[in-house]
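Enquirer: How does the following fold in three dimensions:
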Amino acid sequence: MPLPDPQWPLLESVAALADAPLGQIAERLRDATLPHLGSSALVIFTEDCTGRPQKKAGAEEIISRVSIAELDTLRGALSDETPWFGEAELAGRPRPVLALKHASSQALLVLTDPHPADPGHNAELDLVTYLWHLAARRIQEKVADAPPSYLLESRAASAERVRVTAELTDLHSTTLETLLAALRSSSLEDAAARTTVTDLTAKALVRLRTLSDRTTDLVEEPVATAFERLREDLRPLTRFSGIEVEFIEPPLNGRALPGEVAHAARAIVRGLVLAMTEQPDVSRIRTQWDCDGENLLINVRDDGRGKLAADAPSIARLDRRVQALTGQLRIDVMPGWGADVFVTLPLDLPARPAGDVAGWDLAARELEVLQHLVAGERNRTIALKLGISENTVKFHVRNLFRKLEVGSRTEAIALAHSHGLR
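Expert: Residues are numbered from 1 along each chain as shown. This next block holds a predicted model:
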């Protein structure tokens, strides 16, 4: 019997990583890297996934506490794709880390407490770098080809993060501003202590507002920036086709787009342009974006023979993506004059009637627990309010996760919000 190829486990890891769904990217990447570079935890920070910018695996005490602010600071300190070993603030304290940045997506990989399986062997680090580049590209591809279910879940998660951050910012800003007013009062004694605490409080207020702005930046994209990225995306499609693509830019003061809308809009336009370039006698395509305050308005038009079929599989796939964001797609085909496609994408999640959760088949107690989760309450608080044990709350939460097909409290809350549960 021939001996197994020693490279077989590595090939299996690469195959598993290449086939990984978005929710399992971090776990698959950690499985692939551990034989070559040990670590206590693995964290990915990517702005391609606006609903879930962090993807984590490993030690719970690290992955449950690491923050976007820490990851953003670390990424900003990296000048290029060169692997960086050093100490960084992560999960609330300084830790030894290996950090790698992906050039095209600016995604960040962090391995905490790294220790190579073969010290001094650079091939181990080269392999980890290769696996990371594969994972980063996989994330980009999965987001670009996101199914309707992903778009809806991601958009709900983004909306929930903005809501929670805004509430916390309002709460802490009020506290800090009240404290500042008291400290600035000349009626208080000990001017030196008052000055020191005033400075610290002012800095804390600035930092809080900066973090709030950063959260918004992660889940929204200025419409002009989104359109410029579309222009860059279309260059490879049109460079050698001989077809002129005209871009009518949106107003610079247009409302910022939710990240999921921006991603979907670019993918829809790319798909339409590709379908139009495959028709005969097309020499010119015009794409235009506009905003009416509530919707992103997209128009793509060609000068072909008007042969673009509304029921073609490629158009049907694009229409499903539009419908996933509760939008509309309309095609006007004029034989001999070309095709005109209009797409409307709402910028806000649709309001649903409260309690639109019948399809989840929740028991009365499970619905009560879900409502308390949506209110941001922890298990102990829920147990006290419902007069049950904390273990019973955990039992109901596990059942909720199973019925809602989610893996975390954040996902459950986001999904509940998307169904109008408040």
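
Enquirer: Correct me if wrong, but Ala339 is in a strand.
Expert: Yes: the assignment for Ala339 is a strand, going by DSSP: H, G, I helix; E, B strand; the rest coil.

Enquirer: and it, how far is that from Gln24?
Expert: Look at Ala339 and Gln24: by CB to CB, to the nearest Å, they are 40 Å apart. In short, each C-beta sits where N, CA and C put it, glycine included.

Enquirer: out of the two, which sits in the more crowded spot?
Expert: Neighbours per residue (other CB atoms under 10 Å) separate Ala339 from Gln24, with Ala339 holding more: 27 against 15.

Enquirer: I'd like to know the beta-bridge partner residues of the more buried one.
Expert: Beta-bridge partners recorded for Ala339 (DSSP bridges): Val333.

Enquirer: Identify the residues contacting it.
Expert: 276, 301-302, 304, 306-308, 331-333 (CB atoms under 8 Å, 6 or more residues apart in numbering).

Enquirer: Among those, name the ones in helices.
Expert: Met276 (DSSP state H).

Enquirer: Taking the contacts of Ala339, please make a ChimeraX selection of just the buried ones.
Expert: To isolate the buried ones among those in ChimeraX, judged by 16 or more other CB atoms under 10 Å, type:
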select :276,301,302,304,306,307,308,331,333
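
Enquirer: which ones among the contacts of Ala339 are found in strands?
Expert: When DSSP state E defines the strands, the subset of the contacts of Ala339 inside them is 301-302, 331-333.

Enquirer: on that earlier part again, return the closest of the contacts of Ala339 with respect to Glu366.
Expert: Ile331 (43.9 Å; CB to CB).

Enquirer: ok, so what distance separates the residue nearest to Leu386 when sequence neighbours are not counted from Ala412?
Expert: Of all residues not flanking Leu386 in the chain, Glu368 sits nearest, at 6.4 Å (CB to CB, 6 or more residues apart in numbering). Per CB to CB, Glu368 is found 14 Å from Ala412.

Enquirer: All the helices of the protein, residue numbers only.
Expert: Using DSSP H, helices in the chain cover 8-18, 25-33, 60-63, 68-77, 122-144, 148-183, 191-219, 223-238, 259-277, 313-324, 364-374, 379-386, 390-404, 409-418.

Enquirer: Of all those helices, which one is nearest Ala91?
Expert: helix 60-63 (4.5 Å).

Enquirer: Can you give me the pLDDT of Leu272?
Expert: Leu272 carries a pLDDT value of 91.

Enquirer: and the residue nearest to it when sequence neighbours are not counted, how many neighbours?
Expert: Residue nearest to Leu272 in three dimensions, not counting chain neighbours: Val300, with 4.5 Å by CB to CB, 6+ apart. Each residue near Val300 was counted by other CB under 10 Å, and the total is 23.

Enquirer: My understanding was that Val300 contacts Val269; is that so?
Expert: Yes: counting by CB atoms under 8 Å, Val269 is a contact partner of Val300 at 6.0 Å.

Enquirer: what is in contact with these two at once?
Expert: Thr287.

Enquirer: List the residues that contact Pro335.
Expert: Counting by CB under 8 Å, 6+ apart, Pro335 has contacts 305-307.

Enquirer: how many neighbours does Pro258 have?
Expert: The local packing of Pro258 (other CB under 10 Å) involves 26 other residues.

Enquirer: Next, work out how far apart it and Phe227 are.
Expert: 15 Å.

Enquirer: now Leu421
Expert: Distance from Leu421 to Phe227, counting by CB to CB: 35 Å.

Enquirer: out of these two, which sits in the more crowded spot?
Expert: Neighbour totals were compared for Leu421 and Phe227, and Phe227 leads with 24 against 19 (other CB under 10 Å).

Enquirer: The more buried one touches Phe247, doesn't it?
Expert: Yes: under the criterion of CB under 8 Å, Phe227 makes contact with Phe247 at 7.4 Å.

Enquirer: and the helices of the chain as TSV, adding distance to Asp48?
Expert: Formatted as TSV, these follow (distance: least, CB to CB, whole Å):
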stretch	distance to Asp48
helix 8-18	17
helix 25-33	11
helix 60-63	19
helix 68-77	14
helix 122-144	5
helix 148-183	10
helix 191-219	11
helix 223-238	11
helix 259-277	8
helix 313-324	16
helix 364-374	27
helix 379-386	33
helix 390-404	25
helix 409-418	18
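
Enquirer: Which of those helices comes out lowest on mean pLDDT?
Expert: helix 148-183 has the lowest average pLDDT among the helices of the chain, namely a mean of 66.

Enquirer: Please list all residues in contact with the residue nearest to Leu272.
Expert: Taking CB under 8 Å, 6+ apart, we find Val300 in contact with 269, 272-273, 276, 285-288, 340-341, 343.

Enquirer: cutoff 7 Å now
Expert: Residues near Val300 by CB atoms under 7 Å, 6 or more residues apart in numbering: 269, 272-273, 285, 287, 341.
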